[in-house]
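>>> Everything below, folded, please.
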Amino acid sequence: MKSPSNKRDILICLALILFVIIIYWQAQDFKFVYYDDGSYVAERTHVMAGLTWDGFKWAMAATEAGFWHPLTWLSLMIDRELFGNNPGGYHWTNVILHIINTLLLFFFLKRATKAPRRSAFVALLFAVHPLHVESVAWVSQRKDLLCTLFGFASLLAYVNYSKYPNWRRYTVVIIFFILGLMSKPMIVTFPFVMLLMDYWPLQRLMVSGDARNVNVMSPPEVRAGRRPFVVLLLEKAPLVVLSVLASVLVVMTEHKVHALTDLKILSIMNRFANAIVSYVKYIAMMFWPANLTFFYPHPVSIPVVQVIGALLLLSAITIIIILMCRRKPYLFTGWFWYAGTLVPVIGLIQVGPHALADRYTYVPLVGLFIILVWGVSDLAVRWRFGRHLLCVVGTVTIVSLSFCSWLQASYWRNSITLFEHALQIAPDNYIALNNLGQFYVNNGKYDKGLAYMHKGIQVKPKFGPLYYNVGLAMYDRRDYEKAIEYFAKAERMSFDDDENRRLLGDCYRLTGRLHQAVDTYGKALEINSHNTSARYGMALALMEMGRNDEAIKELRNTLSSAPLHLSARKILMLLALKKGDMSTVVAEGQKALANGSADAELQKMMEYAGGEKSGMDKAVFPVNPSKDTDSENN
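Modelled structure (predicted):
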């Protein structure tokens, strides 16, 4: 027979699950959006191949997205196996992960605080708050959800460890922590969170006056649990080392993909000002989650009065909490949970052009929820009708937040609904203009798409990706002169992207400017030596200049990194034929056949090299740069 507490916990879990499902049921009809979903799923070859051994090896080493997060890649590969091209399946995985995170938060807080009702309400706020919609409704934020899952699991494991510390339980904490870092390094601050938990609710910190009470005659749980601050700090050392390594790695990987904003573009003072103001804005958005959008442009400047006001407010809150922490210790843990877990994403190390982001609040808001729930509950106890009022206010709050989240989630239905909603809130949102323009261009509506992107250029004339995307549209329309103009402008705007230079090289080559093409391809390869398309394009330009030996070298380099590149192999065979190097023709042809190729032109070259044909029509061996990703298995 189940105990009343077990029945209560089951009912709480069912309620939490129900609220999440009601809000996100619509996600089964959502599409991928033109905001990183392509680079995480549709355009990522290894993900689209499903769960394979090659994909596993790639995921364990990949840093293309600016993070080392192999578990995120593997989870998307599993989705590919389960759901194929159906984006609704990917979205439902996110919803399930959000449910798991909500339940983990409830059980972690319940076990740590011994306050199931308060813990349940914190978990409910976490489940239904509109600021968390972005992390759930956006497939690319799988990393947020997975990271939080393992992070909350590590906190739950830490609570278990704190009751009766031993190396086995501590190992479980480390394992979950490592898995979280392998999903996204957002939880690098969790050793600090565990230290906060030692103060409250676990009460492991030995404060003044405790030392004389802890001796061999003390209860076992006190002797096992209470520790001086230095001991508790040293206890976190392995986790801190992992956090430092993960932090260094993320800076390196973000630098590698040119995602870090240069200090010349955004100074230290501007970053500090935005960080201070953002701390206050997130609090305001928690209480009044209106006009939420996927992107908040970084302000050109922030009024000094606003910065000073925010700094004074934060300082006042911090001082009050420190003064009250002896009587209300949850204030200390909750406030510094919020302040501490926001540090990695507050913008001091700026990644991207945004000032703040809804997704960054997924974990930090838990600290403020703790303050609200415990604080309001304590106040309600003092009032005659406090409990009744608390039930009414709590119900109204949850229903209102749930409706707002349902509405906010609906904007993530597809690219058009997402970006048009953003433009309704801020018509000068240049990322929305850029991405909506991309969407229309990629769906054949060039004029409409270009109109959006040109408007984006008017709003943000120094934003390089806008020029790149206009150039890409011109390239697709074979207007190479216009494409050159925009690719060159993107480069002048410090858009140091290897694909921008590769496409600029293609345009130079296709308009007969071969020397410029070779130089530009070389610059693309300086940025990314693994850009197969740039190396292949250079080979074509060199061949057209008559520098066949150099072209052959680049073609061999192309095939060493992309052995299934059929066009590169065919052109290599063609150049070998011209040189009379029949052994190379045969050898390369055999490699193509071994890779499953049944190409007719390749067969003809092999027959000629083998003496089966007496002549060769070189016109049947076209040099077509559009085939730079052909596979020999096609």
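
>>> Correct me if wrong: residue 552 contacts residue 577.
No: the criterion here is Cβ atoms under 8 Å, and residue 552 misses it with residue 577 at 11.7 Å. Every residue, glycine included, has its C-beta placed from N, CA and C.

>>> And the helices in the stretch 301-450 of the chain?
Taking DSSP state H, counting those that start in this stretch to define them, one finds helices in the stretch 301-450 of the chain at 304-324, 329-341, 365-382, 386-410, 415-425, 430-442, 446-459.

>>> Dump those into TSV; add distance to residue 589 as well.
Conversion of these to TSV gives the following (distance: least, Cβ to Cβ, whole Å):
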stretch	distance to residue 589
helix 304-324	68
helix 329-341	59
helix 365-382	61
helix 386-410	54
helix 415-425	44
helix 430-442	36
helix 446-459	40
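
>>> Quick check: which of the ones you listed is nearest to residue 72?
Set against residue 72 and scored by Cβ to Cβ, those come closest in helix 329-341, at 19.2 Å.

>>> tell me the average confidence for the closest one?
Along helix 329-341, the predicted confidence averages to a pLDDT of 97.

>>> Report all helices and strands that it contacts.
Packed against helix 329-341 by the contact rule (3 or more Cβ pairs under 8 Å, 6 or more residues apart in numbering; DSSP states H and E) you find helix 190-199, helix 304-324, helix 365-382.

>>> Of the ones you listed, which shows the lowest average pLDDT?
The stretch with the lowest mean pLDDT among the helices and strands packed on helix 329-341 is helix 365-382, at a mean of 93.

>>> elements contacting that one?
Secondary structure elements in contact with helix 365-382, counted by 3+ Cβ pairs under 8 Å, 6+ apart, are helix 116-128, helix 268-287, helix 329-341, helix 386-410.

>>> again, only this time at 10 Å
When contacts are defined as 3 or more Cβ pairs under 10 Å, 6 or more residues apart in numbering; DSSP states H and E, helix 365-382 packs onto helix 87-113, helix 116-128, helix 142-163, helix 190-199, helix 268-287, helix 329-341, helix 386-410.

>>> okay if I get the ones you listed as TSV plus distance to residue 435 and mean neighbour count?
As requested, the helices and strands packed on helix 365-382 are exported to TSV (distance: least, Cβ to Cβ, whole Å; neighbours: other Cβ atoms under 10 Å):
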stretch	distance to residue 435	mean neighbour count
helix 87-113	17	21
helix 116-128	28	23
helix 142-163	19	24
helix 190-199	33	23
helix 268-287	22	17
helix 329-341	29	22
helix 386-410	18	16
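
>>> Let's have those helices in CSV, adding distance to residue 355.
Compiled in CSV, the helices and strands packed on helix 365-382 are given as follows (distance: least, Cβ to Cβ, whole Å):
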stretch, distance to residue 355
helix 87-113, 25
helix 116-128, 24
helix 142-163, 18
helix 190-199, 24
helix 268-287, 6
helix 329-341, 18
helix 386-410, 19
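
>>> on that earlier part again, overlap in contacts of residue 552 and residue 577?
Where contact means Cβ atoms under 10 Å, 6 or more residues apart in numbering, the residues bridging residue 552 and residue 577 through contact with each are residue 584.

>>> buried ones in stretch 164-172?
In terms of neighbour count (16 or more other Cβ atoms under 10 Å), stretch 164-172 has its buried residues at 169, 170, 172.

>>> Can you name the residues that contact the first one?
With contact set as Cβ under 10 Å, 6+ apart, residue 169 has these partners: 157, 158, 159, 160, 161, 162, 163.

>>> any idea how far residue 398 is from residue 96?
21 Å (Cβ to Cβ, to the nearest Å).

>>> between the helices and strands packed on helix 365-382, which gets nearest to residue 480?
Each of the helices and strands packed on helix 365-382 was checked against residue 480 via Cβ to Cβ, and the shortest separation belongs to helix 87-113, namely 34.1 Å.

>>> Give the rounded mean pLDDT of that closest one.
pLDDT averaged over helix 87-113 gives 97.

>>> again, but for stretch 132-144
In the prediction, stretch 132-144 has an average pLDDT of 97.

>>> Do I have it right that residue 369 meets residue 121?
Yes: counting by Cβ atoms under 10 Å, residue 121 is a contact partner of residue 369 at 8.1 Å.

>>> And residue 499, how close does it get to residue 569?
Applying Cβ to Cβ to residue 499 and residue 569 gives a distance of 23 Å.

>>> higher neighbour count, the two?
Each of residue 499 and residue 569 has its neighbours counted (other Cβ atoms under 10 Å); residue 569 has more, 26 against 16.

>>> so which helix or strand takes in that one?
Using DSSP states H and E, the element containing residue 569 is helix 566-579.

>>> Would you indicate which residues of that helix are buried?
For helix 566-579, the buried set under the neighbour-count rule, 16+ other Cβ under 10 Å, comprises 566, 567, 568, 569, 570, 571, 572, 573, 574, 575, 576, 577.

>>> Can I get the contacts of residue 169 in CSV including pLDDT?
CSV is the format used below for the contacts of residue 169 (pLDDT from 0 to 100):
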residue, pLDDT
157, 98
158, 97
159, 97
160, 95
161, 96
162, 94
163, 89
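
>>> Would you point out the most distant pair within those?
Distance extremes for the contacts of residue 169: the farthest pair is 157 and 163 at 11.1 Å, using Cβ to Cβ.

>>> Residue 300: neighbour count?
With neighbours defined by other Cβ under 10 Å, the count for residue 300 comes to 6.

>>> Surely it is within a helix?
No: residue state for residue 300 (DSSP: H, G, I helix; E, B strand; the rest coil) corresponds to coil; a helix is not indicated.

>>> OK, contacts around it?
Counting by Cβ under 10 Å, 6+ apart, residue 300 makes contact with residue 270.

>>> Would you agree residue 403 is in contact with residue 289?
No: taking contact to mean Cβ under 10 Å, the distance of 11.1 Å between residue 403 and residue 289 leaves them out of contact.

>>> list residues touching both of the two?
Overlap between the contact sets of residue 403 and residue 289, as judged by Cβ under 10 Å, 6+ apart, is given by residue 130.

>>> quick revisit: which one of the helices of the stretch 301-450 of the chain lies closest to residue 199?
Go through the helices of the stretch 301-450 of the chain one by one with Cβ to Cβ and the one that ends up closest to residue 199 is helix 329-341, at 6.2 Å.
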